[in-house]
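J.: Here's a sequence, model it:
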Amino acid sequence: MSCIKGNCTVHIQLHDGLVKKLYCWDIPEHRKNLISLGTLAKNGMRYAGEGDCVRVTKGSLVIMKGNMNRGGIYILEGNTVMGM
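T.: This next block holds a predicted model:
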């Protein structure tokens, strides 16, 4: 069973090259952090899935997008930026 250690902040270079600061859940047993779609929604963003893809938007701007892996988890298209 995985346990949430706490919140963390990461900087992600998204699919369009922009760098965004994201607040995530830190789960030590996982190699990746989790982003809460509920938290994004509370901050005025919308998300929609179609097939194996998900998009997060604010107005007409696509904030982030991702693809579902075999385990049913959406993997964000982007890279963690270290040293910020």
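
J.: Was I right to think V54 contacts I63?
T.: No: counting by CB atoms under 8 Å, V54 stays clear of I63, with 11.2 Å between them. C-beta: built from backbone N, CA, C; applies to glycine.

J.: Tell me where the chain has helices.
T.: Per DSSP state H, the chain carries helices over the ranges 37-42.

J.: I'd like the distance between the most centrally placed residue in the chain and A41.
T.: Residue closest to the mean C-alpha point of the chain, counted by CA atoms, centre = their mean, is I35 at 4.4 Å. Distance, I35 to A41, using CB to CB, to the nearest Å: 12 Å.

J.: low-scoring stretches of the protein, by residue?
T.: For the chain, the stretches with pLDDT under 70 are 1-6, 25-34, 79-80, 82-84.

J.: Sketch out the strands for it, chain order is fine.
T.: Taking DSSP state E to define them, one finds strands in the chain at 6-14, 19-26, 46-50, 53-58, 61-68, 74-76, 78-81.

J.: Now do the buried residues in the longest one.
T.: The neighbour-count criterion (16 or more other CB atoms under 10 Å) identifies V10, I12, L14 as the buried residues of strand 6-14.

J.: and it with strand 19-26, angle?
T.: 150 degrees (axes from the mean of the first three to the mean of the last three CA atoms, to 10 degrees).

J.: I appreciate the help and will end here.
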